[in-house]
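**Q** model this:
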Amino acid sequence: MATTVVAPSYGGPEVLVVIEEEVGPPGPGEVLVDVRAVGTNPIDVKLFSGRMGRDPGQLPLHLGSEASGVVVEAAPGSIGPAGPITIGDEVMVFRAPGAYTSRLIAPASSVIPKPPTLTFEEASGLLLTGSTAVHALKVTAVGPGDTIVFHGASGGVGLMAVQLAVLAGARVIGTASESHHEALRQLGAEPVAYGPGLLERLEALAPDGLDAAIDGIGTDEAVDVSLALVPDRERIATIVATPRSFELGLKVLGGAPGADPGTDIRAAARLELAALAATGQLVVLVAATYPLTEATAALELLAQGHTHGKIILVP
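**A** I've put the predicted structure just below:
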């Protein structure tokens, strides 16, 4: 049996319930993972809130997309991106639909080794935000000598993008509330407060303009400032799909209709991210951990959007 969190209806975090369900043996090309930690993400809230549709045929929703744990069963010939998968392997799983559970069946193609230097909690929060950050940096061609801005740099994707851009040799300016500025400095970014006067503050920091901009919050302010300071619109990307971003011809990334899902880029990024994390060049900041059975409280905190780092569920 597995302890699993589902949404039997659409609404706020209060609709989430904990159930016990049977988990069958893994089929061909699948593995069974004893889950040790689960990464939560804003997409989870969007799904059960109904913001991405309210199809009653999808209920109950099994939530989550990334986890870490230990392989307890593996179908013969289970081969992951890093090679054969065997019982006892400590792993990260992404993409992992239905990850809010204590036992997860996943395709071997979604399973990679967990770096021994990461805790299970850290490992469960690496791959979704990390692969999204890699996608954003690749499509905006961020490289050595560039000066870029990431709007919402203290969010999950922002924290990853800051580190990866710095590793790529870019100068990174990150917008965030002032309470998060020191943490961004420690990651190599130059923090700046968002809100009225942002354009002038960025012009003071980068009088020659910016080479690229990535929007992680979806506000008009982020879009307007990016358009004002980045001469090449092809180097402006957003991970928040808004009608205006499509109308302006920005690079809209993610799973929304019409957006670039970057499927191949994100899949290829997983081993790269694991390698960087294994050597300490990339860190996962964990803001809070909750028992899996307290998913409602964890998702209420996540929905507020003000945490600095990942919120993790522990079965």
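**Q** The stretch 51-200 of the chain: strands as residue ranges?
**A** Secondary structure of the stretch 51-200 of the chain by DSSP state E, counting those that start in this stretch: the strands cover 61-62, 66-74, 79-80, 83-84, 90-93, 103-107, 111-113, 147-151, 171-175, 190-192.
**Q** List of residues touching stretch 286-304?
**A** Here stretch 286-304 makes contact (C-beta atoms under 8 Å, 6 or more residues apart in numbering) with 3, 5, 12-14, 16, 18, 37-38, 40-42, 44-45, 63, 100-102, 121-122, 125, 307-315. The way it works is simple: take the backbone N, C-alpha and C, and place the C-beta from them, glycine included.
**Q** Buried residues in the helix ranked longest in the chain, which are they?
**A** Longest helix in the chain, counting residues (DSSP state H): helix 263-278. By neighbour count, with 16 or more other C-beta atoms under 10 Å as the criterion, the buried positions of helix 263-278 are 265-266, 269-270, 273-274, 276-277.
**Q** again, but for stretch 289-303
**A** Neighbour-count burial for stretch 289-303 [16+ other C-beta under 10 Å]: 289-290, 292, 294-296, 298-299, 301-302.
**Q** Do you know the pLDDT at the residue most central in space within the chain?
**A** Compute the mean C-alpha point of the chain, and by C-alpha atoms, centre = their mean the closest residue is residue 129, 2.2 Å away. Per-residue pLDDT puts residue 129 at 97.
**Q** what does residue 255 give?
**A** At residue 255, the model reports a pLDDT of 89.
**Q** So it, which state does it fall into?
**A** coil (DSSP: H, G, I helix; E, B strand; the rest coil).
**Q** so what's it closest to, chain neighbours aside?
**A** Once flanking residues are discounted, residue 255 sits nearest to residue 261: 5.8 Å by C-beta to C-beta, 6 or more residues apart in numbering.
**Q** Could you double-check that that neighbour sits in contact with residue 254?
**A** Yes: counting by C-beta atoms under 8 Å, residue 261 does reach residue 254; the two are 6.8 Å apart.
**Q** With neighbour numbers in mind, choose between these two.
**A** Ranked by neighbour count (other C-beta atoms under 10 Å), residue 261 and residue 254 place residue 254 first, with 16 against 12.
**Q** Thought residue 241 was touching that one, still the case?
**A** Yes: assessed by C-beta under 8 Å, residue 254 is found in contact with residue 241 at 6.1 Å.
**Q** hang on, the earlier thing: pretty sure the residue nearest to the centre of the chain contacts residue 285?
**A** No: under the criterion of C-beta under 8 Å, residue 129 is not in contact with residue 285, lying 10.2 Å apart.
**Q** Run through the helices of the chain in chain order.
**A** Using DSSP H, helices in the chain cover 42-49, 120-124, 127-139, 156-167, 181-186, 198-205, 220-229, 243-247, 263-278, 295-304.
**Q** would you list these in TSV and tack on distance to residue 69?
**A** TSV is the format used below for these (distance: least, C-beta to C-beta, whole Å):
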stretch	distance to residue 69
helix 42-49	18
helix 120-124	7
helix 127-139	13
helix 156-167	20
helix 181-186	28
helix 198-205	42
helix 220-229	36
helix 243-247	36
helix 263-278	15
helix 295-304	17
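**Q** To residue 80, which of the ones you listed lies closest?
**A** Closest to residue 80 of the helices of the chain, according to C-beta to C-beta: helix 263-278, at 9.7 Å.
**Q** and the closest one, what other elements does it pack with?
**A** When contacts are defined as 3 or more C-beta pairs under 8 Å, 6 or more residues apart in numbering; DSSP states H and E, helix 263-278 packs onto strand 111-113, helix 127-139.
**Q** List the contacts of the longest one.
**A** Surrounding helix 127-139, the residues in contact under the criterion C-beta under 8 Å, 6+ apart are 39, 41, 65-66, 92, 94, 156-161, 164-165, 168, 214, 237, 239, 251, 253-254, 260, 262, 265-267, 269-270, 272-273, 282, 310.
**Q** Could you check how many residues crowd around the spatially closest residue to residue 199 that is not a sequence neighbour?
**A** Spatial nearest neighbour of residue 199, excluding adjacent residues (C-beta to C-beta, 6+ apart): residue 225 at 5.1 Å. Residue 225 has 24 neighbours, counted by other C-beta under 10 Å.
**Q** Please tell me I have it right and residue 225 contacts residue 201.
**A** No: counting by C-beta under 8 Å, residue 225 stays clear of residue 201, with 9.5 Å between them.
**Q** Tell me the buried residues in stretch 21-32?
**A** With the criterion 16+ other C-beta under 10 Å, stretch 21-32 contains buried residues 26, 30-32.
**Q** Show me what the mean pLDDT comes to for it.
**A** In the prediction, stretch 21-32 has an average pLDDT of 95.
**Q** ditto for stretch 141-151
**A** On average, stretch 141-151 scores 98.
**Q** Ignoring the adjacent residues along the chain, who's closest to residue 165?
**A** Sequence neighbours aside, residue 172 is the residue nearest to residue 165 in space, at 4.8 Å (criterion: C-beta to C-beta, 6+ apart).
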